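# Test case, fold it:
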Amino acid sequence: MNPLYFSAEFRTSAQELSQLVTDSEGEVAFAGRSNAGKSSAINAITRNRKLAKTSKTPGRTQLINFFSLPRQRYLVDLPGYGYAKVSRSRQDQWRATMTRYLQTRPQLRGLILLMDIRHPLTPHDWQMIELHHGSHAALHVMLTKADKLSKNQANKALFAAHGQLETAGVEASLQIFSATKKQGLDDAHSVLDDYLYAGSPPSAKPLAPAPD
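Numbers count the residues shown, from 1 in each chain. Prediction:
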């Protein structure tokens with residue numbers, strides 16, 4: 001693990017792209033459905049249970065939240081998506097904002113897309129992948145809540161998702177993750193190291209052994 005991430009601190013929230021931080025030398029964004037465990041993953045990665053706000057009410061994150069790291073790097077918590085009670089106009093606004101952020105933000109090094117390992121690659125996830133398509137940033141898929149499945153089931157889900165992405169021509173690295181069991185933290189830190197501090201994206205393959 002890299003202790004750099006344990007020093008993460010909340011910097012600011014932005015509702016519009018004009019309010020994004022201006023001193024960023026590199027950032028990694030986290031995106032996912034409103035119930036994918038995004039905030040829990042960020043808190044586990046940073047060892048700070050209060051950093052990203054978690055809630056039993058899906059869709060709470062409506063702002064772009066910046067968490068500062070050493071050397072002017074940032075972790076960025078994007079608004080959750082796929083929540084039915086959000087109005088159509090709000091959904092359209094979200095799509096436009098995310099498209100502009102992902103495709104025009106020069107400091108963006110990588111996008112970590114979180115999905116519930118029991119229900120990966122939903123139509124909303126594919127929409128997010130489509131929005132990322134025009135981006136220069138690398139893509140990493142994190143299959144969360146792996147503690148809900150057996151090891152064999154989790155590995156099968158990982159490789160099934162990898163196969164679907166490969167068939168669709170989507171280049172992405174993948175991993176299994178559980179915030180509850182602290183599973184996959186080393187892999188997550190390794191990906192962040194590559195994106196933020198090494199300058200080279202990880203290989204586009206699953207970060208786990210093949211199932212038996």
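# Mind pulling the model confidence for Ser39?
Ser39 is assigned a predicted lDDT (pLDDT) of 92.
# typo on my end, it should be Lys182
For Lys182, the pLDDT comes out at 95.
# longest strand in this protein, by residue count?
Determined from DSSP state E, the single longest strand within the chain is strand 108-116.
# residues of it that come out buried?
Within strand 108-116, the residues that count as buried by 16 or more other C-beta atoms under 10 Å are Leu108, Arg109, Gly110, Leu111, Ile112, Leu113, Leu114, Met115, Asp116. Using the backbone N, CA and C atoms, a C-beta is placed for each residue, glycine as well.
# now for these, which pair is the farthest apart?
Arg109 and Asp116 (24.9 Å; C-beta to C-beta).
# Could you report the separation of the nearest residue to Arg33 once chain neighbours are set aside from His189?
Once its chain neighbours are removed from consideration, Arg33 has its nearest residue in Gly82; the separation is 4.2 Å (C-beta to C-beta, 6 or more residues apart in numbering). Applying C-beta to C-beta, to the nearest Å, the value for Gly82 to His189 is 27 Å.
# out of the two, which sits in the more crowded spot?
Gly82 (19 against 16; other C-beta atoms under 10 Å).
# Does that one touch His124 like I think?
Yes - with contacts counted by C-beta atoms under 8 Å, Gly82 reaches His124, the gap being 3.6 Å.
# shared neighbours, those two?
Contact criterion C-beta atoms under 8 Å, 6 or more residues apart in numbering; residues shared by Gly82 and His124: Arg33.
# quick revisit: out of the buried residues of strand 108-116, which one sits closest to Gln62?
Here the nearest of the buried residues of strand 108-116 to Gln62, counting by C-beta to C-beta, is Leu114; it sits at 17.1 Å.
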